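# Kindly return the folded structure for what I paste below:
(2 chains)
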Amino acid sequence: MEPNTVVCHQVTKVYRQNSVSVHALTDINLEIPKRDFACLSGPSGSGKSTLLNLIGGLDKPTSGEISVDGQRVDQMAKSELAALRLHKIGFVFQAYNLIPVLTARENVEFVMQLQGLSAGDRRDKAMQILKEVDLTGLENRRPAELSGGQQQRVAVARAIVSEPSLVLADEPTANLDSKTAQALMELLVHMNTDHNVTFIFSTHDKLVMDFSRRLIKLHDGKIVEDKRRE
Amino acid sequence: MPSESASERRLASSGEASPAPLLVTLAWRNLWRHTRRTLVMLFALLLGVWSMIVMAALVRGSMEQHIRKEILNLTAHVQIHSPAYRDDPAVEHRFAAPSSLADALTQTPITAASARVRVPAVVSSEYESAGVMLVGIDPQRERGLSFIDKAVKLGRDLESAGDPGLVLGRKLAERLETGLGRRVVLMSQGVDNQISDRGFRVVGVFDADPQAMETGYVFIGLEIAQQLLGMGNEVSEIAVMTDDRNHLDALVERLRATAPGLDVAPWTDVQPLLVLMEKVNNVVLLVWFAVVFAAMAFGLINTLLMAVFERTREFGLFQALGMPPRFILGQVLAESLILLVLALILGNVVAWASVAGLKGGIDLSMFAEGLQLVGISPVIFPTLATGDVLIANVVVIVLGVLASLYPAWRASRYVPVEALTRT
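Here you go, the predicted structure:
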């Protein structure tokens, strides 16, 4: 049995808008073991992105406990959360979210530069991962000069290049054509199996669900189904 | 047991590198995302720096000219008198210079020294009389000490301490309705408390700035003055010029030790108004610096806040990727610092070029009458003082960075998930 990378215990998130309280998540209990390839699915507003954001420490739960690699995310200070994300968590966003003033290679190197890798090591690893995502030759282009699919592959390369223990991907294939999405998922499966990286997706995309080994369905902020597939 | 990610293992072996190159790269490229806005801000900062330095050069130049002029107008760098002379410059407050003083006056940093008789007197022509200050000088020793050796525009200078002639100012000559070659009578109280008088032929007429000098002083030979007043070898004052008017303490102490019974006074004691004016000018400059900087700071803060608000999503992304808040703060400060340094470099160069271009002086003679009343020359020669340039640069860089702290702090305080969803 693999140790858990992510543990959520009685996690609740309530957003307050003026005098109205919106329960985005209610009493979520979830364990994601190391090397899992899990998918959060459900309709819009079901709490998928909120759960990913809480696990990644981008937001704080209203109540409950969240641990990543044994560290209590919900109790961490801003700087501790930044360090956790830097060293343990990779993010892939629906809207690519590349840094517009950096080239594709520099975007991929960004996290490694924050981690303190030497310029030579960064460059080698960035070029290697860009080759894996089939972006060789485009490394010196800025995001505005890349297509949506190319930008998403750069974002994926950035998320996985430093081999974090956990990658959180929010609708990673939403803006990609089916062929690009297929290639991207194959790459992520490769990272999962060969580099022991744990993946949690939030998606509506059937393709992503088909690639996943575990399907967690959310509805109105609650887990309504948690099914492991072989 | 928490697992160790690959990045953590790498960090453990490599040690943390400086984020500065990354932050500077981001700052530099972000600045040029809005080229026009950056150029406008750069121009505004440059203008501010330029105005600080050029204004300081003008004020400093004007003040420097004024002090130099006053020092040449018989003040010199150091004056030696009988103790009561400065309160009552009468003939009874004369002194005989001790022999040891003569040696001390030949040593560095003294460049010129001369004894003078300087007492109140009345000068009369056949038409008019006027109260003046009678100054007995040794013209040879007076060179480099006062304005008079270069001021005679009609006739000739006094040639020696025994020259029997008299030199007076143009305005005084007009008032007395006298002129070159005419005779006038000088009257003053002698050492015996009797009125001493003597006729002199006007051998020279001088021009002076301010014109009050032309009506207030007449010059005769030192020996002639001593004879007229019965002073023997005694004098009213010894004027001393040095190579640096700003470092006189040691010299004054040395002269006081050499002539313990005499009043040895630096120009700052003789002309306290000049010192006060210099202090007022310094305050005016600081106020000017503050006003210019305030205008610059508003522009800088506004520009940085706009940049921060526009890039809210990016700052959220930086946090999501693990950039510590202090690095985000550092990145915005780096943008400010780059702008400020560029503005300082360009502002200093343009200011230096402006001052160099004005080395012939700025002619304010249209306003000369008013300016002369407050002792300012109608032609101002800007002077770049290292201290002023340094203060302007330090004010801009230090206060500029401080002013940038607020936008930088705002950027570092975003909640990542809120920033990432901002459109």
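# give me every residue that touches residue B:240.
Counting by CB atoms under 8 Å, 6 or more residues apart in numbering or on different chains, residue B:240 touches B:76, B:77, B:78, B:79, B:80, B:105, B:110, B:112, B:113, B:251, B:255. From N, CA and C alone the C-beta is placed, and that goes for glycine too.
# so who does the second one touch?
In other words, residue B:77. With contacts defined as CB under 8 Å, 6+ apart, the neighbours of residue B:77 are B:71, B:240, B:241, B:242, B:245, B:248, B:266, B:267.
# Secondary structure class of the closest residue to chain B within chain A, three-state.
Chain A approaches chain B most closely through residue A:86 (2.6 Å), counting by CB to the nearest CB. With DSSP: H, G, I helix; E, B strand; the rest coil as the basis, residue A:86 sits in helix.
# Pull the contacting residues for it.
A:111, A:114, A:115, B:7, B:321, B:322, B:323.
# Can you tell me which member of the contacts of residue B:240 has the lowest pLDDT score?
Across the set of the contacts of residue B:240, residue B:105 stands lowest in pLDDT, at 87.
# pLDDT weak spots in the chain?
The chain I'm using is chain A. In the predicted model of chain A, residues A:1-2, A:230 satisfy pLDDT under 70.
# my bad, chain B
In chain B (pLDDT under 70), the answer is B:1-17, B:367-376, B:422-423.
# domains of it?
According to automatic domain parsing, chain B comprises the domains B:18-68+B:275-420, B:78-244.
# top of the contacts of residue B:77 by neighbour count?
residue B:240 (26 neighbours; other CB atoms under 10 Å in any protein chain shown).
# Setting aside sequence-adjacent positions, which residue approaches that residue most closely?
Spatial nearest neighbour of residue B:240, chain neighbours left out: residue B:78 (4.1 Å); criterion: CB to CB, 6 or more residues apart in numbering or on different chains.
# Could you measure from that neighbour over to residue B:142?
Computed as CB to CB, to the nearest Å, the residue B:78 to residue B:142 distance reads 15 Å.
# Count the neighbours of the residue of the stretch 151-300 of chain B found nearest chain A for me.
The nearest approach of the stretch 151-300 of chain B to chain A comes at residue B:300, 20.5 Å away (CB to the nearest CB). Applying other CB under 10 Å, we find 26 residues neighbouring residue B:300.
# For the residue lying farthest from the centre of chain A, list the residues it contacts.
Here chain A reaches farthest from its C-alpha mean at residue A:19, the gap being 32.2 Å by CA atoms, centre = their mean. Counting by CB under 8 Å, 6+ apart, residue A:19 touches no other residue.
# sec struct for the residue sitting nearest the centre point of chain A, please.
Nearest residue to the geometric centre of chain A (CA atoms, centre = their mean): residue A:168, 1.6 Å. Assigned with three-state DSSP, residue A:168 falls in the strand class.
# Hmm, residue A:55 and it touching each other?
Yes - the pair residue A:168 and residue A:55 qualifies as a contact (CB atoms under 8 Å) at a distance of 6.2 Å.
# Find residues that contact each of these two.
In contact with both residue A:168 and residue A:55: residue A:200, using CB under 8 Å, 6+ apart.
# For chain A, what's the nearest residue on chain B?
Using CB to the nearest CB, residue B:322 is the residue of chain B that sits closest to chain A, at 2.6 Å.
# Chain neighbours aside, what residue packs nearest to that residue?
Excluding the flanking residues, the one nearest residue B:322 by CB to CB, 6+ apart is residue A:86, at 2.6 Å.
# Next, work out how far apart the one you found and residue B:271 are.
From residue A:86 to residue B:271 the distance is 67 Å (CB to CB).
# Return the set of residues that bridge with the residue nearest to the centre of chain A.
Note on residue A:168: beta-bridge partners residue A:91, residue A:200, judged by DSSP bridges.
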